[in-house]
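Engineer: Generate coordinates for the sequence data below:
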Amino acid sequence: MNQSINKYWQYLLIYTAISFGGMALPVFIGRELFVLITATIGVIYCIINRAFKKNVLIQFILIFTISLLIPFSASDLSIGSMLSISGSLFFTYAVIICDKKMFLKRFLNTLLIIAIISLILYSLTRIYGVGIFNPIFPYLTKVSSDTLAEGVYSYGGYIYRWTTVHSLRNCGPFGEPGQYQGVLSVALYFSLFKKHCFKNVRERKLYILVFTITMLSTLSTNGYIALSILYIGYLCCVKQDRNIKVFIKRLLILTIVLFIFTDLGKDFFKVAIYDKFFSDGNFSLTSNTTGGRTRGIIEMIEYISQNPFVLIGIGYDNLDKP
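Structural biologist: Reported below is the predicted structural model:
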C-alpha cells in the first residue's frame, strides 16, 4: 500500500479503535455491522501477516475465542457478543501492525486533536452555557433517554459530545467522563514513559500538558486516581528526564492553585467526592454511582460463594432467574 495512503488508513483505524470506548461511530454504522466490519478487518490482517501461526498473542486470542464457547453453550451469550469481544482484540492487532513504527505517535496525535477540541468546546460550554450550541444540535447524532426529563441523553459523539447529565464535565466524544479519562490515561502514560515518540522536549511537554488538563476537566474520580498513579510512578521510577520532572512538578503546583481558586476545584469536590460517597449528608458506599459499582460486585461475590458453578457462564443478567 502507498505510504501516504497507509498513513491515513492507520489514522482511520486508530479512530475506529478509540470509538469502541463509547463514541458515536458504532451507533451511526449500527453496532452489529460495526462489530462485523472491525472483526473482519482484524482477521484479514492476521491472515495476511500469518499471525495465527507466528504471533503468540494472536494464538492466545484465538484460544480465548474458542474458550468463549463454554459460556456460549451454558448461557444466553450471543454470537454477536462473542464476536465483539474477540473481534475487538483482532482489530487492535490490525491497527498496530498496519504500521508498527508509527502507531504509537499516530495514536497520540489522534488523541491530542480530540483533547484540544474537547477543551475548547468544554470551555465555551462552561463560560457561555450549553445553549449557545442549540442551533447545531438538530444536525448532530442524538441519543435519546426515557429516564431523563429532557428525553435526550446527548448530542454529537464523533469529535465531541454534549451530555445533559454531565454538562459540567468534559466527556470528550464519549458518553461518560469515565470513558474519556480511560483513553486519556493511556495517552498520558505513553507521553510520560515513551519519550522516543517525540521530536523534542517541547513537543513532549505539549502532549503531557494537554492530556493532563483534559483529564482534570473530566472531574472523574478514577481519572484523578490514574493521574496521581502515573505522576507518582514517573517521578519515582524514572531516574533521568530532569527537564520533564521539573515541568511536571510545576504542573502539579499549577493544578493545586487551579483547584483552590477556580470553580473547577469546587465542582470536583462536589461531583467526584461528595456526590459519590455521601447521601442525604451521610457517608454511604451503597448509594449514588458508588453504590451502583459496589452493589453488583458484592452481589456477584455472594452468589458465586453459594453457587460456584455460575463461573461456567450463566450470565450476570440471569442471576435472578431460578
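
Engineer: which helices and strands does the strand or helix carrying Leu258 pack with?
Structural biologist: Using DSSP states H and E, Leu258 sits within helix 242-261. The contact analysis (3 or more CB pairs under 8 Å, 6 or more residues apart in numbering; DSSP states H and E) places helix 242-261 against helix 201-217, helix 221-237, helix 263-268. Using the backbone N, CA and C atoms, a C-beta is placed for each residue, glycine as well.

Engineer: Save the ones you listed as a markdown table, and put in distance to Glu299, mean pLDDT and mean neighbour count too.
Structural biologist: Output for these, formatted as a markdown table (distance: least, CB to CB, whole Å; pLDDT from 0 to 100; neighbours: other CB atoms under 10 Å):
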| stretch | distance to Glu299 | mean pLDDT | mean neighbour count |
| --- | --- | --- | --- |
| helix 201-217 | 31 | 95 | 19 |
| helix 221-237 | 21 | 91 | 16 |
| helix 263-268 | 30 | 68 | 15 |
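
Engineer: Could you look up the SS state of Tyr153?
Structural biologist: Following DSSP: H, G, I helix; E, B strand; the rest coil, Tyr153 is assigned to strand.

Engineer: Now do the same contact list for it.
Structural biologist: By CB atoms under 8 Å, 6 or more residues apart in numbering, the contact set of Tyr153 is 143-145, 163-165, 175.

Engineer: Correct me if wrong: Phe247 contacts Arg202.
Structural biologist: No: using CB atoms under 8 Å as the test, Phe247 is too far from Arg202 to be in contact (10.2 Å).

Engineer: if you average pLDDT over the helix ranked longest in the chain, what comes out?
Structural biologist: Assignment by DSSP state H gives helix 100-128 as the longest helix of the chain. What helix 100-128 shows for mean pLDDT is 96.

Engineer: Next, the angle helix 201-217 makes with that helix.
Structural biologist: 50 degrees (axes from the mean of the first three to the mean of the last three CA atoms, to 10 degrees).

Engineer: hang on, the earlier thing: so for Ser81, which of the helices and strands packed on helix 242-261 sits nearest?
Structural biologist: helix 221-237 (24.9 Å; CB to CB).

Engineer: between the closest one and helix 242-261, how big is the angle?
Structural biologist: For helix 221-237 against helix 242-261, the angle by the same axes, to 10 degrees is 150 degrees.

Engineer: Show me the domain layout of the protein.
Structural biologist: 1-98, 103-238, 284-318 (automatic domain parsing).

Engineer: Tell me which of those domains is the most buried.
Structural biologist: Each of the domains of the chain was scored by mean neighbour count; the highest is domain 103-238, a mean of 18, by mean count of other CB atoms under 10 Å.

Engineer: Span of it from start to end?
Structural biologist: 24 Å (CA to CA, to the nearest Å).

Engineer: quick one: that domain to chain centroid distance?
Structural biologist: Remark: domain 103-238 is offset 9 Å from the chain centroid, using CA atoms, centre = their mean, to the nearest Å.

Engineer: Please name every helix or strand in contact with the longest helix of the chain.
Structural biologist: Secondary elements touching helix 100-128 (3+ CB pairs under 8 Å, 6+ apart): helix 3-19, helix 177-193, helix 201-217.
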